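attaching a predicted model along with its sequence, questions to come.
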Amino acid sequence: AAGSAGSAGSDAGADATIGDAGVPLNGLGAITGDCGPIDPTEITSPSPFTFETVLDFGTQTFDYNALSLGGKQLYDEGNLGGNSLYSEIFSYEVLYRCELATLLKTETKIEYQDAGGKKTDILVSIDGYKVGVSVTRAYAFPAGSTFTVTAAHDLLAKKLDDIVLSTQNVKPVDAWQKQILHVFAYNQQHEDALFQAYPTLPAATRADTIVMVTLTNGDDDFMY
């Protein structure tokens, strides 16, 4: 696996290559960066880890038939509202193609103790471990605006705090070993702001969560 505990993914692409377990698998968009199976050690470790990937759609448009079976299931079932469905689909696609993840449950099927409490977006299996995946997007409106470090800090803090709450809320039948916060970044400036903000978060907020940032390139407007 690539990445390091507590780091801002400075070794992106150095450890994980196409040669690792034959990844990335084929799919919609070209994936580069930290693309390789996540070690069970990282899943079971209480330490935080960060990863960086790039998903370049080039001139490709969204194509349902190019999705994995899990991606198609996410599309067919939808989510709990909002316009985040595509980011959830491609979060799974990246995890499937890079980490060999399998889809266990979509957002509406995960069981919680408090139906009104915090929830996660996807439940997957990686190396035999249940992993919750919370998906968000770093995007400053209108397009081309600067995504400030303060905005990045606030986004990460909120999402990481929500991860703690959803982990406490999930029922034992679906309890995960680890959660991934998967952030899709609109451009390089947005990604840079995220990695500037991340180390300033309290250790308790960062602890026990894998943060994966995926920079999208090409015809990616449908993602945002």
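Received the coordinates, thanks.

need phi/psi at residue 153.
phi -60, psi -50 (degrees, to the nearest 10).

where does this structure dip in pLDDT?
1-21, 37, 80-83 (pLDDT under 70).

any idea which element the most centrally placed residue in it lies in?
With distances taken as Cα atoms, centre = their mean, the residue of the chain nearest its centroid is residue 182 (2.0 Å). Here residue 182, judged by DSSP states H and E, is contained in strand 178-185.

what helices or strands is that strand leaning on?
helix 40-44, helix 85-99, strand 129-138, helix 149-169, helix 188-197, strand 209-217 (3 or more Cβ pairs under 8 Å, 6 or more residues apart in numbering; DSSP states H and E). (Glycine included, C-beta is placed from N, CA and C.)

quick one, which of the ones you listed is nearest to residue 23?
helix 85-99 (5.2 Å; Cβ to Cβ).

tell me how far the closest one is from the chain's mean position?
Distance, stretch centre to chain centre, for helix 85-99: 7 Å (Cα atoms, centre = their mean, to the nearest Å).

elements contacting that helix?
In terms of contacts (3+ Cβ pairs under 8 Å, 6+ apart), helix 85-99 is packed against strand 30-33, strand 49-56, helix 69-77, strand 102-105, strand 122-126, strand 129-138, strand 178-185, strand 209-217.

quick one: residue 122 and residue 89 touch, right?
No. Applying Cβ atoms under 8 Å, one finds residue 122 not in contact with residue 89, separated by 9.4 Å.

can you show me the CA trace of stretch 154-163 as CSV?
Output of stretch 154-163 as CSV, limited to C-alpha atoms (Å, rounded to 0.1, in the frame of the first residue of the first chain):
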residue,chain,number,x,y,z
ASP,A,154,-13.8,23.4,7.7
LEU,A,155,-14.8,20.7,5.2
LEU,A,156,-12.3,18.2,6.6
ALA,A,157,-13.1,18.9,10.2
LYS,A,158,-16.9,18.5,9.6
LYS,A,159,-16.6,15.3,7.6
LEU,A,160,-14.0,13.7,10.0
ASP,A,161,-16.1,14.6,13.0
ASP,A,162,-19.2,13.1,11.3
ILE,A,163,-17.2,9.9,10.7
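
chain center to it, what's the gap?
For stretch 154-163 - counting by Cα atoms, centre = their mean - the centre lies 13 Å from the chain centre.

neighbouring contacts of it?
118, 120, 132, 134, 136, 138, 179, 181, 183, 194, 197-198, 201, 205-206, 209, 211 (Cβ atoms under 8 Å, 6 or more residues apart in numbering).

what residues sit buried inside it?
Neighbour-count burial for stretch 154-163 flags 155, 156, 157, 159, 160, 162, 163 (criterion: 16 or more other Cβ atoms under 10 Å).

beta-bridge partners for residue 170, please?
residue 112 (DSSP bridges).

neighbours around it, how many?
Around residue 170 there are 22 other residues, counting by other Cβ atoms under 10 Å.

got it, and residue 87?
24.

likewise for the one 5 residues further on?
Residue 92 is surrounded by 26 other residues when neighbours are defined as other Cβ under 10 Å.
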